[in-house]
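>>> Give me coordinates for this.
(2 chains)
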Amino acid sequence: MYTSFRFHLIVCFSLCLGAYLIANRISSEYLVDHFLKEKVTEELFKQINDGNLEDESSLVISDFFGTITPKSIKKCPEKIINKTSFCLQVKDPEIKWEPLNNGTAGSVDYSAHTFNNTSWHLLRKKKSSDFDYVGLDFSESERILNQTWEIRNFVILRIFPFMFVLVAFIAFLISNHIIKIINGINSVISKTDIVNLSSDAPEKTRFKEFQPFLDAFFELKVRLKTSFEQASRFSSDASHELKTPLTILRGYAEMGIKTSKDGSNQQIQFSLMAEEINRLINITEKLLVLARADAGRLQITPTQVNLSDMLELLVSDAETINADLRISSNIQKGVIFECDEQLIHQLVYNFYSNAIKFNIVDGWIHFKLSQDEDYLRLEIINPSQNVTADLAEKGFERFYRGEESHNSAVEGNGLGLSLCKEIAKIHGGSINLTVSSTQHVSATFLIPLSSTV
Amino acid sequence: MARILLVEDELKIANFLSQGLHGEGYEVSHEIDGLSALQSIYKKTFDLILLDVMLPGKSGYEVLQSLRSEEIKTPVIMISAKSELSDKLLGFEYGADDYLTKPFFMEELLARCKALLQRNINTNNDVLTVGALSLDRVTRRVNWQDKSLVLSQREFTLLEYLMRSPGNVFTRQQIMQFVWGIDFNTQTNIVDVCIQRIRKKLVNTEKSETNEFPIQSIRGIGYKIQKPE
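You can find the predicted model right below:
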């Protein structure tokens, strides 16, 4: 199960935004509330302590809330307010007084009380047997406060969608950038092949956190390229170095054949040597082609090749060569393919040699060649025995020669199919090896015709 | 007899090449590096130059370039372990007449030498003749005494291969590789079958006691075509 990284990032960002808004609201409500209460009580306390309370004396609480006029501040009980009922209320035993200890001058009690839907902040100070009271009508400031909250909520509700969109957009941009970098690396990696481990300039990003990663990837490519080049140069050089001694060996073996008496044992020995040297030369040349293909330096000389003719000739040869096998064919006439004749010849004959090598007693070989609009298909089928289904994978391993073929009865060097694979690849095609349940092995060379060389 | 200059720094290769060329009756001079090769070419005239590519001092390509810039038109066969197409093309671009990659069969080299030398004296290259046997490369027609007939592709290639180097013994494997392009062991005697077919086609059974067929089987090895006396 995959989820989208981009989706996750946007959700995270949005949650952060929501959390911020909630935290902001809670803290500001608390702050305003607390601040107001503190400020009001502080002022009232100062005034009640100073004893200079007068009617309608104004009280500056804060610039924000403007000036709040304490209403009906009287010296209780006689003149506490012009609303007599309030006076009674003040004396009401239900009012719960809390002692305030933020002063030094005597004890002052505080109470917040609602009367006739009006919030009051009340303070009292013990004065001989009586109390001095002061009351502040808080409804005005509450109204201002509520208005403020309303405005605030109104604004927030209008702005929030935009903020959400903005946050989502930013999250999108950030994730995009990251995904772009990852995609870039991804495409480089997926395209990276032995052939194109070329050292293009390292990828660049604006963010310093990603740069080490990209640099590391680039270095990895360079390291891979270097070691691969060393490896392929080794096999290419080794093949070259082998050629000189092989030339000398074959030269002298040939000379031996030529100079010894016809039909003598010595001549036969020389010819055996020459044959083995020939095998070595063939392996060396195959290795060289493989090394070139590995290094991406396998070149082809394309010409128009009549594959039908090539295969017909092979079939007629096979009839002579394999008198013990039934040879059949289904060859479409006039199939022309632009390819390197030598390499394709090698591929076809490799298929053929495998069909002989891995055949059964009284077996058969079937040759097929067909071409339609999309594909050119060359197939050689033969019955076999003890072939495992993993042949398709293992067959292409270098020097793999089948489960029981490490005996001398089956000749070969196990390079054939890996060579075929490279030859097919350079012609834009592929080869396929399949084993049916009836142990029929089919080797197919498939070329999509739109991409012929 | 034709004079051939062999420029090859690997003495062991030079040795058997010289012997092989001598055996064909060529006069061979040998130089081991590019500079001495050039000096030798300026002093004497040769009918053919066999030039290794990788030489100490001056490379084969450089020698070839100097030659051609001096308007020396002696045919040149490049010999190299480098078998890539680009190397070959470079050789031809510098004016080589042929390019042979190591390792090669001696007969291959001899055949190409012969072809180049013949081209130089404008002989008809289409008809190959060994004694009473002649083979037309264009029509695939073979003439043997009173018989004249056309061979199949494989038969023709085989006969031509043998006829290019009369007296030389070819192993079955060698013939198989050249004629059928098969470099693996088929465990069969297709070479013998093909030779038998050619023999049957050409030899007039009624007169067989008088006409000895020139393809000779060599016990345990293969075949050769007899060199005319």
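
>>> Which residue, other than its chain neighbours, is closest to B:His22?
With sequence-adjacent residues excluded and distances taken as C-beta to C-beta, 6 or more residues apart in numbering or on different chains, B:His22 is closest to B:Val28, at 6.0 Å. All C-beta atoms are positioned from the backbone trio N, CA, C, and that covers glycine.

>>> I'd like to know which elements the helix or strand hosting the one you found is packed against.
Secondary structure from DSSP states H and E places B:Val28 in strand B:27-31. Secondary-structure packing of strand B:27-31 (3 or more C-beta pairs under 8 Å, 6 or more residues apart in numbering or on different chains; DSSP states H and E): strand B:3-7, helix B:11-23, helix B:34-43.

>>> now the first one and helix B:11-23, what's the angle there?
When you say that, I think you mean strand B:3-7. Strand B:3-7 runs at 170 degrees relative to helix B:11-23, counting by axes from the mean of the first three to the mean of the last three C-alpha atoms, to 10 degrees.

>>> what's in contact with strand B:3-7?
Outside of strand B:3-7, the residues that reach it under the criterion C-beta atoms under 8 Å, 6 or more residues apart in numbering or on different chains are B:14, B:17-18, B:21, B:26-34, B:37, B:40-41, B:44-52, B:55, B:60, B:63, B:113.

>>> hmm, try it at 6 Å
Strand B:3-7 is touched from outside by B:14, B:17, B:21, B:26-31, B:37, B:46-52, with contacts defined as C-beta atoms under 6 Å, 6 or more residues apart in numbering or on different chains.

>>> again, but for stretch A:231-244
Against stretch A:231-244 from outside (C-beta under 6 Å, 6+ apart): A:Thr284, A:Leu287, A:Leu288, A:Ala291, A:Asp294, A:Ala295, B:Glu10, B:Ala81, B:Lys102, B:Pro103.

>>> What's the separation between the fourth one and A:Glu338?
Put plainly, it is A:Ala291. Using C-beta to C-beta, to the nearest Å, one gets 25 Å for the distance from A:Ala291 to A:Glu338.

>>> before we move on, what about A:Ser111?
Look at A:Ser111 and A:Glu338: by C-beta to C-beta, they are 103 Å apart.

>>> So these two - more neighbours on which side?
Looking at A:Ser111 and A:Glu338 with other C-beta atoms under 10 Å in any protein chain shown, you find the greater number of neighbours at A:Ser111, namely 15 against 12.

>>> Which helix or which strand is home to the residue positioned nearest the centre of chain B?
In chain B, the residue lying closest to the centroid (C-alpha atoms, centre = their mean) is B:Ala111, at 1.7 Å. Using DSSP H and E, B:Ala111 sits within helix B:106-120.

>>> Which positions in that helix come out as buried?
B:Met106, B:Glu107, B:Leu109, B:Leu110, B:Ala111, B:Arg112, B:Cys113, B:Lys114, B:Ala115, B:Leu116, B:Leu117 (16 or more other C-beta atoms under 10 Å in any protein chain shown).

>>> again with stretch B:11-31
Going by neighbour count (16+ other C-beta under 10 Å), the buried part of stretch B:11-31 is B:13-21, B:24, B:26, B:28-31.

>>> Could you identify the most distant pair in these?
Between any two of these, the greatest separation by C-beta to C-beta is 19.8 Å, found for B:Glu24 and B:Glu31.

>>> Which other helices and strands does whatever helix or strand A:Val289 lives in contact?
For A:Val289, the element it lies in under DSSP H and E is helix A:265-294. If contacts are counted by 3 or more C-beta pairs under 6 Å, 6 or more residues apart in numbering or on different chains; DSSP states H and E, helix A:265-294 sits against helix A:211-259, strand B:170-171.

>>> and if we set it to 10 Å?
In this structure, helix A:265-294 makes packing contacts with helix A:211-259, helix A:341-357, helix A:416-426, strand B:170-171, helix B:172-175, strand B:215-218, judged by 3 or more C-beta pairs under 10 Å, 6 or more residues apart in numbering or on different chains; DSSP states H and E.

>>> out of those, nearest to B:Thr157?
In this view, the helices and strands packed on helix A:265-294 are compared for proximity to B:Thr157 by C-beta to C-beta, and helix B:172-175 is the closest at 9.4 Å.
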